[in-house]
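Visitor: my questions are about this predicted structure, shown below with the sequence.
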There are 2 protein chains.
Amino acid sequence: MSKAAVTRLSILQKAFEFIYRKGYQATSIDDIVATTQVTKGAFFYHFRNKEEMGLAMISEVMHPGMIEAMIKPLVVAEDPATEIYAMMKGLLQSPMFDVRYGCPAINLIEEMSPLNAQFNKALYKLFSEWTQAIQHVVEQGIKTGRFNKITDSQQVVYFIISGYGGIRNMGKLLGADAYQIYLKELKNYLNSLA
Amino acid sequence: MSKAAVTRLSILQKAFEFIYRKGYQATSIDDIVATTQVTKGAFFYHFRNKEEMGLAMISEVMHPGMIEAMIKPLVVAEDPATEIYAMMKGLLQSPMFDVRYGCPAINLIEEMSPLNAQFNKALYKLFSEWTQAIQHVVEQGIKTGRFNKITDSQQVVYFIISGYGGIRNMGKLLGADAYQIYLKELKNYLNSLA
DNA sequence: ATAAAAAAATACCAATTAGTATGTTTTACA
DNA sequence: TGTAAAACATACTAATTGGTATTTTTTTAT
């Protein structure tokens, strides 16, 4: 990787850290510059403006991270309920995220998707990939007869994902115990689909 | 109501509108002042600083609104599943909120609870009231035998609330149809508890 | 080794931001 | 009716903000 590419990636990674904790709007270019070995000139050499940097952060940092933490763990296995539960448990217990700050993707959807069409589009793309991955597992479960009570896979998928987004927020107020309590009921719910 | 109280309330109501749409951090005092008949001097007469105004907005505007929309509709009735479902449906279909901007309380928990201990505390208080109101209904359902499959009411309450918070976020990307799909599965879930 | 392009560094700009100091107007009370 | 306090209005401040213009350094290619 060239030195310029290293510079660009370090900007994006530091931007990710700030945006994850304090939000995109409250993260300044000076914040990023002050905590890297980068200058403003270099920043604006790589990115036309702050918005372009934000979109690059979504596609170049958040997206690969999501693939790794939220999609790859979903393989079509014998028992889809166990599959989905394990993915959620792994996500919620991952040391990559801090209970106080929740989930970076969920945070950014909340903050920016109403305010910026490009952000909305980029986050929709991310979100759809995760939705489709879960839907694939759910539909395999229906096919194999393991989920014999499901009549509409999309409802189940939305229900599962909405629970995840919400419990991340609740964790900010209630702490990680809320995750454990949620996971117990998620398990009950998934088992009720069989 | 005195003229000064009217001034104070108009600041808080306009602040609520801005914070609901663009977030607390991105809402400036000048935003509020420019869209009311208030001056900066008046603003700082009523509030020591921006933070104090934000906390007042939570307790004096958000809190009564939440009582009205999220707690009052929950009365202990014959069928708690129908009760909770009707409250959620009413909330999600309320014209008070815009699908693009989600739920003001959920938004503010996401944005500010990690960043400011006073906000965290105020939002925790709001959140606890709603949690307790739902828990009351769920526990009545257990007592009357309507919810005979529930072994832990807190799990169910957290599961329901997390779903709400998450679907509000999903609505920002997917639109109001996502709410309908979610509500269908919520009904299935509530019925599975009986 | 050299020259050109890429990649950065520096200095600066105008607008915005939360907040302050001081003055004026309105309200309340005797 | 007059006075004092409350409630506002105005002007200003220092710091921050996204971004620009220009210069310098580094890298790459010949």
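Guide: Cool, got the structure. Residues are numbered from 1 along each chain as shown, chains lettered A, B, ... in the order given.

Visitor: isn't A:Gly23 up against A:Glu110?
Guide: No. The pair A:Gly23 / A:Glu110 is not scored as a contact, 9.1 Å apart, by C-beta atoms under 8 Å. To be clear about C-beta, it is placed using only N, CA and C from the backbone, and glycine gets the same treatment.

Visitor: relative to its centre, which residue of chain A is most distant?
Guide: Within chain A, the residue lying farthest from the chain centre (C-alpha atoms, centre = their mean) is A:Gly41, at 30.8 Å.

Visitor: okay, and that one sits in which element?
Guide: Taking DSSP states H and E as the definition, one finds A:Gly41 inside helix A:40-46.

Visitor: center of chain A - which residue?
Guide: Centroid-nearest residue in chain A, with C-alpha atoms, centre = their mean: A:Ala105, separated by 3.8 Å.

Visitor: which helix or strand contains it?
Guide: Element membership for A:Ala105 (DSSP H and E) is helix A:104-112.

Visitor: try A:Met66
Guide: Using DSSP H and E, A:Met66 sits within helix A:63-66.

Visitor: show the subsequent helix or strand relative to that helix.
Guide: helix A:80-92.

Visitor: give the other helices and strands that that following helix contacts.
Guide: The contact analysis (3 or more C-beta pairs under 8 Å, 6 or more residues apart in numbering or on different chains; DSSP states H and E) places helix A:80-92 against helix A:117-143, helix A:153-174, helix A:177-192.

Visitor: tell me which residues in the helix holding A:Gly41 are buried?
Guide: A:42-43, A:46 (16 or more other C-beta atoms under 10 Å in any protein chain shown).

Visitor: what is the nearest of the residues you listed to DNA strand D?
Guide: A:Phe43 (7.6 Å; C-beta to the nearest atom of the strand).

Visitor: that closest one contacts A:Ala34, correct?
Guide: No. If you go by C-beta under 8 Å, A:Phe43 and A:Ala34 don't touch, sitting 11.3 Å apart.

Visitor: for the closest residue to DNA strand C within chain A, give me the pLDDT.
Guide: Nearest residue of chain A to DNA strand C: A:Gly41, at 2.0 Å (C-beta to the nearest atom of the strand). We note a pLDDT of 96 for A:Gly41 in this prediction.

Visitor: ok, now the one 10 residues further on?
Guide: According to the predicted model, the pLDDT of A:Glu51 comes to 98.

Visitor: assign a three-state SS to it, would you?
Guide: Three-state assignment for A:Glu51 (DSSP: H, G, I helix; E, B strand; the rest coil): helix.

Visitor: A:Pro114 now?
Guide: Three-state call for A:Pro114 (three-state DSSP): coil.

Visitor: how near is it to B:Ser153?
Guide: 34 Å (C-beta to C-beta, to the nearest Å).

Visitor: which of those two has more residues huddled nearby?
Guide: Neighbour count, other C-beta atoms under 10 Å in any protein chain shown: between A:Pro114 and B:Ser153, A:Pro114 has more, with 23 against 18.

Visitor: quick one: contacts for that one?
Guide: A:Pro114 is in contact with A:120, B:21, B:100-102, B:172, counting by C-beta atoms under 8 Å, 6 or more residues apart in numbering or on different chains.

Visitor: how about A:Lys184?
Guide: Neighbouring residues of A:Lys184 by C-beta under 8 Å, 6+ apart: B:152, B:155.

Visitor: show me just the buried residues among the contacts of A:Pro114.
Guide: Listed as buried from these are A:120, B:21, B:101-102, B:172; burial here means 16+ other C-beta under 10 Å.

Visitor: which of these sits closest to B:Glu51?
Guide: B:Arg21 (19.6 Å; C-beta to C-beta).

Visitor: re earlier: what about the helix holding A:Gly41 and DNA strand D, touching?
Guide: Yes. Using C-beta under 7 Å from any atom of the strand, helix A:40-46 comes into contact with DNA strand D via A:40-41, A:44.

Visitor: correct me, but A:Glu51 touches A:Ala117?
Guide: No. Applying C-beta under 8 Å, one finds A:Glu51 not in contact with A:Ala117, separated by 10.7 Å.

Visitor: okay, those two: which has more neighbours?
Guide: A:Glu51 (14 against 9).

Visitor: which ones are touching the more buried one?
Guide: Counting by C-beta under 8 Å, 6+ apart, A:Glu51 touches A:116, A:118.

Visitor: now it: how far from A:Ile32?
Guide: Distance of A:Glu51 to A:Ile32, given as C-beta to C-beta: 14 Å.

Visitor: pLDDT below threshold where in chain A?
Guide: Regions of chain A meeting the criterion pLDDT under 70 are absent.

Visitor: which bits of it sit near DNA strand C?
Guide: Checking chain A against DNA strand C by C-beta under 7 Å from any atom of the strand, the hits are A:2-4, A:6-8, A:37-42, A:45-46.

Visitor: switch the cut-off to 6 Å
Guide: A:2-4, A:7, A:38-42, A:45-46 (C-beta under 6 Å from any atom of the strand).

Visitor: out of those, who's nearest B:Gly65?
Guide: Checking the residues of chain A next to DNA strand C against B:Gly65 by C-beta to C-beta gives A:Lys40 as the nearest, at 42.6 Å.

Visitor: touching, that closest one and A:Val33? I think so.
Guide: Yes. With contact defined as C-beta under 8 Å, A:Lys40 reaches A:Val33; the gap is 5.6 Å.

Visitor: measure how buried A:Pro64 is and give me the count.
Guide: A:Pro64 has 10 nearby residues by other C-beta under 10 Å.

Visitor: from A:Met70, how far out is it?
Guide: From A:Pro64 to A:Met70 the distance is 11 Å (C-beta to C-beta).
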